[in-house]
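1. Here's a sequence, model it:
(4 chains)
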2 protein chains.
Amino acid sequence: MSIKYAILGFLSWKSLTGYELKKLFTGSETLYWSGNNNQIYTTLAQLYREKLVTKEVQHQESSPSRKVYTITDTGLAALKQWLAAAPELPQLKNSFLIQLMWEDQLEPDELNALLDNYEEELRVRLLMVQEQERRRKASPAATPRTAYLWDMIGKNWISFYEHELNWLRQLRQELPNVPPKQEGSR
Amino acid sequence: MSIKYAILGFLSWKSLTGYELKKLFTGSETLYWSGNNNQIYTTLAQLYREKLVTKEVQHQESSPSRKVYTITDTGLAALKQWLAAAPELPQLKNSFLIQLMWEDQLEPDELNALLDNYEEELRVRLLMVQEQERRRKASPAATPRTAYLWDMIGKNWISFYEHELNWLRQLRQELPNVPPKQEGSR
DNA sequence: GTTGCCATGTAAGGTGTTACATGATTTA
DNA sequence: TAAATCATGTAACACCTTACATGGCAAC
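-> Prediction:
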């Protein structure tokens, strides 16, 4: 349940509304919930129940009242404890690799179309992440250390996709040299 | 819902029981459900309802009767369609990167302990995956092409963890040169 | 006039994990 | 005598996504 701590993290910098948090999540690869407002609003309600945040309701004539959330001392303590807690390993789910496992059952041109498709999607995503990074770097960071860490997080993502692309290119280069499938080899 | 097609994939090679499938899933990084028998048994029931597989019950005196599942022609067609379908991008969830986002709030020695911990876990996992690969390569593959593809899938995983380790080492090398956090910089 | 921004939420459904339940046989 | 293997499954819960619902205001 790291969305809880991601929210506390942002609130440790400054008080925010659910909507502002949603915008911060949107367009971040790392915060993979990416603007899923359901989880943001329900998690905020949960944090409020657990007294890790306080809520200030700002009534407005027009449309819903803004709810500004502020982290409590208990919240800060909970955040700090999580920050120091044993990290989990990354969780990578790549259904493309599952497809590849039985790719032998496809015709060469079908496979080629599949690989084209995957390569194209990877390239588009890489460009998106690079663009995101460029924009993020433009906004100032709290400390040089934070700036460095966020840069490294961005690099992690960029090189993840670059790496996947390189792997794919190697595969596409070598595959024609591998004896093709035998017909009726089921 | 790719577990459905992963099961059909295995059944396209030979008929299997739920228990045998469970063993095939266990210890595969790619098949990330890794021995979650709940999903295997429920998915098999679903595949049976959808007539993508047939079931042969083998009664045994002692303990539950084995249920051997066989793929149908409809099942083979469904599998082939999925194999040719547009691949999804990999989905990477790395809560360690989320922790890093606010690591500024930790003391240098706490951060160091965290990085130690992550590096160690990565190294252990890398060894596990390499060992898995070594064992998998020992068992014969259906076709040279399948062998090649499975090798590439293994390489993808190994280099994923190697890559993450390299990134971490770079971070640990550069971090001491970055000005430390300012006290009370909340 | 349609799109986008502000701002909150609910409902439903899909996916995934962990624990529980049973019980015989084999291996250490 | 304890454990692992064979073999099936259920229950509860956690997590995540998508769609729905409302409605004013500003910009193009």
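2. Go ahead and confirm A:Gln99 touches B:Lys80.
-> No - A:Gln99 is beyond contact range of B:Lys80, at 11.1 Å (criterion: Cβ atoms under 8 Å). Using the backbone N, CA and C atoms, a C-beta is placed for each residue, glycine as well.
3. Between those two, which has more neighbouring residues?
-> A:Gln99 (24 against 17; other Cβ atoms under 10 Å in any protein chain shown).
4. Show me chain A divided up by domain.
-> Under the assignment automatic domain parsing, the domains of chain A span A:2-84, A:95-177.
5. Next, count neighbours for A:Tyr19.
-> If you count neighbours by other Cβ under 10 Å, A:Tyr19 ends up with 13.
6. scratch that, A:Ser139 is what I was asking about
-> 7.
7. Could I get the domains of chain A in CSV, plus columns for mean pLDDT?
-> Listed next are the domains of chain A as CSV, based on pLDDT from 0 to 100:
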stretch, mean pLDDT
domain A:2-84, 93
domain A:95-177, 95
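8. Save those as JSON lines, and put in distance to chain B too.
-> Shown next, in JSON lines, are the domains of chain A (distance: least, Cβ to the nearest Cβ, whole Å):
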{"stretch": "domain A:2-84", "distance to chain B": "4"}
{"stretch": "domain A:95-177", "distance to chain B": "4"}
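9. want to try JSON lines for these, with distance to B:Ser12 as columns?
-> Below are the domains of chain A laid out as JSON lines (distance: least, Cβ to Cβ, whole Å):
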{"stretch": "domain A:2-84", "distance to B:Ser12": "32"}
{"stretch": "domain A:95-177", "distance to B:Ser12": "7"}
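10. Nearest to DNA strand C, out of these?
-> Ranking these by proximity to DNA strand C (Cβ to the nearest atom of the strand) places domain A:2-84 first, at 2.8 Å.
11. from the chain's centre, how far out does that closest one sit?
-> Distance, stretch centre to chain centre, for domain A:2-84: 17 Å (Cα atoms, centre = their mean, to the nearest Å).
12. With stretch A:138-158 instead?
-> 15 Å.
13. For that stretch, give me every contacting residue.
-> A:13, A:29-30, A:126, A:129-130, A:132-133, A:136-137, B:94, B:97, B:100-101, B:103-104, B:164, B:167, B:170-171, B:174-175, B:178-182, B:185 (Cβ atoms under 8 Å, 6 or more residues apart in numbering or on different chains).
14. From these, list the buried ones, please.
-> Among these, those classed as buried by 16 or more other Cβ atoms under 10 Å in any protein chain shown are A:29-30, A:126, A:129, A:132-133, B:94, B:97, B:100-101, B:103-104, B:164, B:167, B:171, B:175, B:178, B:181.
15. Narrow those to those in helices?
-> A:Leu126, A:Val129, A:Gln132, A:Glu133, B:Leu97, B:Leu100, B:Met101, B:Glu164, B:Trp167, B:Leu171 (DSSP state H).
16. A:Ala74: neighbour count?
-> One correction, residue A:74 is Thr, not Ala. 12.
17. Would you indicate which residues of the host helix or strand of A:Tyr118 are buried?
-> Counting by DSSP states H and E, the element that carries A:Tyr118 is helix A:108-138. Judged by neighbour count (16+ other Cβ under 10 Å), helix A:108-138 contains these buried residues: A:Leu111, A:Leu114, A:Leu115, A:Tyr118, A:Glu119, A:Leu122, A:Arg125, A:Leu126, A:Val129, A:Gln132, A:Glu133.
18. Between all of those, which two are separated the most?
-> A:Leu111 and A:Glu133 (32.7 Å; Cβ to Cβ).
19. so how far is the helix or strand harbouring A:Gln173 from its chain's centroid?
-> Following DSSP H and E, one finds A:Gln173 within helix A:144-174. Here helix A:144-174 shows a centroid-to-chain-centroid distance of 14 Å under the convention Cα atoms, centre = their mean.
20. Same question for it: list its buried residues.
-> A:145-154, A:156-165, A:167-168, A:171.
21. How about stretch A:38-52?
-> Buried, per 16+ other Cβ under 10 Å, within stretch A:38-52: A:Gln39, A:Ile40, A:Thr43, A:Leu44, A:Leu47, A:Leu52.
22. Skip the chain neighbours and tell me the closest residue to the fourth one.
-> Put plainly, it is A:Leu44. A:Gly18 (5.4 Å; Cβ to Cβ, 6 or more residues apart in numbering or on different chains).
23. Confirm for me that that neighbour is in contact with A:Tyr69.
-> Yes - with contacts counted by Cβ under 8 Å, A:Gly18 reaches A:Tyr69, the gap being 7.4 Å.
24. and those two? which has more neighbours close in?
-> Set A:Gly18 next to A:Tyr69 and count neighbours by other Cβ under 10 Å: A:Tyr69 wins out with 23 against 19.
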